[in-house]
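Peer 1: Show me how the following folds:
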Amino acid sequence: MISDYVILVMGKGGVGKTTVSILLSLILSSLDNTLIYSLDPAKHLIKYLGIRNTMEYCRISKTLTAYQLDVSKAINTVVDHYTSLIRDLIPSLSVLNLEDVLDIIKYSPGVEEEVFMKELKRLYDLREYRYVVIDTPPTGITLRTLIMPKMYKVWLDKLVEVRERILSLRYTIARTLGREFKVKDQVLEKLYELRTEYNSLWDGLRSEKTSYVLVSEPEVMPLLEVMDIIKFLEGELSVKPKLLVMNKFVDTLETSEVLKEFNLLPHDKLLIPKVEKPPSTLDDMMELLRIIDKEYIMKLFKS
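Peer 2: You can find the predicted model right below:
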């Protein structure tokens, strides 16, 4: 595990996931080295923190580093990786035109989820940070990304079983014919390697070191989405959210029912009041930080 905590900030688009991610990162960076890592295609992190370039680690302070993923560039990296695998594992295909294959990979459903899953895997292999706060993409993509390691594990188990049977049959035929048989098999070794990687990620996502922070605002649809995420986390990953955040909190007659339902949820909670000027810069975040219970957050993630 990379750190004491990997924190995934989730919720409906527009509720302030990036704002909450930055606030958490600022608080946790007062404890130790912290990385805020944005997978959000909207790239709000660039605007808020004044980051010049995507795909580069940017030092915000002595103990806080930020990184904004560029999804298009990351997809191209994945395509290049699979192209290399195809050429290495199946050399006979090198004589064919691979362009059609590459287009299929690039535009296939689920390629974004594949990119985000690989980024999560890479984050779990880091060593420099005690806290990693991940600003996630929209809920649907995030949930599909979180379940993918489990799906891949099932597929890889079956592929390993099929490949082992093929090799066993080849071995039997070779012995019968008195021919030499090479035990080492590149395809099977790669399948073993991938299965180990996805098992490790799946275990990490469900471990006590990974925390889920769910963000809502005082409206019905964002709260319903938070409830759906809770159901997913408990049903698919067998974990509970670490913290529920009600962003843009304002206690009025219109919001009273939503706030009542929010307060009934059996999880730790944080209220972030609605401010007159929506935060859009690091200075705005620092001002908002003044009215948040920082000690509560520190205690929650130190325990």
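Peer 1: can you give me the helices in the protein?
Peer 2: 17-28, 44-49, 71-89, 99-107, 111-123, 139-177, 186-205, 220-232, 256-264, 282-289, 294-302 (DSSP state H).
Peer 1: So for this structure, which residue is the most central one in space?
Peer 2: residue 120 (4.8 Å; C-alpha atoms, centre = their mean).
Peer 1: OK, contacts around it?
Peer 2: The contact partners of residue 120, by C-beta atoms under 8 Å, 6 or more residues apart in numbering, come to 134, 145, 201, 205. Every residue, glycine included, has its C-beta placed from N, CA and C.
Peer 1: Which pair in these has the greatest spatial separation?
Peer 2: 134 and 201 (13.2 Å; C-beta to C-beta).
Peer 1: for the contacts of residue 120, which one is nearest residue 166?
Peer 2: Nearest member of the contacts of residue 120 to residue 166, counting by C-beta to C-beta, is residue 201, at 27.1 Å.
Peer 1: Report the contact partners of the residue nearest to that closest one when sequence neighbours are not counted.
Peer 2: Nearest non-adjacent residue to residue 201, counting by C-beta to C-beta, 6 or more residues apart in numbering: residue 149, 4.6 Å away. Counting by C-beta under 8 Å, 6+ apart, residue 149 makes contact with 117, 198, 199, 201, 202, 205.
Peer 1: ok, the second one touching residue 154?
Peer 2: No. Under the contact definition of C-beta atoms under 8 Å, residue 198 does not touch residue 154, with a separation of 9.8 Å.
Peer 1: the more surrounded of the two?
Peer 2: Neighbour totals were compared for residue 198 and residue 154, and residue 198 leads with 21 against 10 (other C-beta atoms under 10 Å).
Peer 1: how near is that one to residue 114?
Peer 2: Distance from residue 198 to residue 114, counting by C-beta to C-beta, to the nearest Å: 12 Å.
Peer 1: Tell me, how many residues neighbour residue 263?
Peer 2: So residue 263, with other C-beta under 10 Å, has 11 neighbours.
Peer 1: Who are the contact partners of it?
Peer 2: residue 269.
Peer 1: Also the one 4 residues further on?
Peer 2: Residues touching residue 267, when contacts are defined by C-beta under 8 Å, 6+ apart, comprise 230, 240, 241, 242, 243, 244.
Peer 1: do the same with residue 144
Peer 2: Residue 144 is in contact with 110, 113, counting by C-beta under 8 Å, 6+ apart.
Peer 1: just checking, residue 57 touches residue 69?
Peer 2: No. Checked against C-beta under 8 Å, the pair residue 57 and residue 69 is beyond contact range at 11.6 Å.
Peer 1: you'd agree residue 12 is up against residue 227?
Peer 2: No. Taking contacts as C-beta under 8 Å, residue 12 lies outside contact range of residue 227: 11.2 Å.
Peer 1: Which residue of those two possesses the greater neighbour count?
Peer 2: Neighbours were counted for residue 12 and for residue 227 using other C-beta under 10 Å; residue 12 has more, 22 against 15.
Peer 1: Excluding chain neighbours, what is closest to residue 238?
Peer 2: The shortest distance from residue 238 to any non-neighbouring residue, by C-beta to C-beta, 6+ apart, is to residue 206 (6.2 Å).
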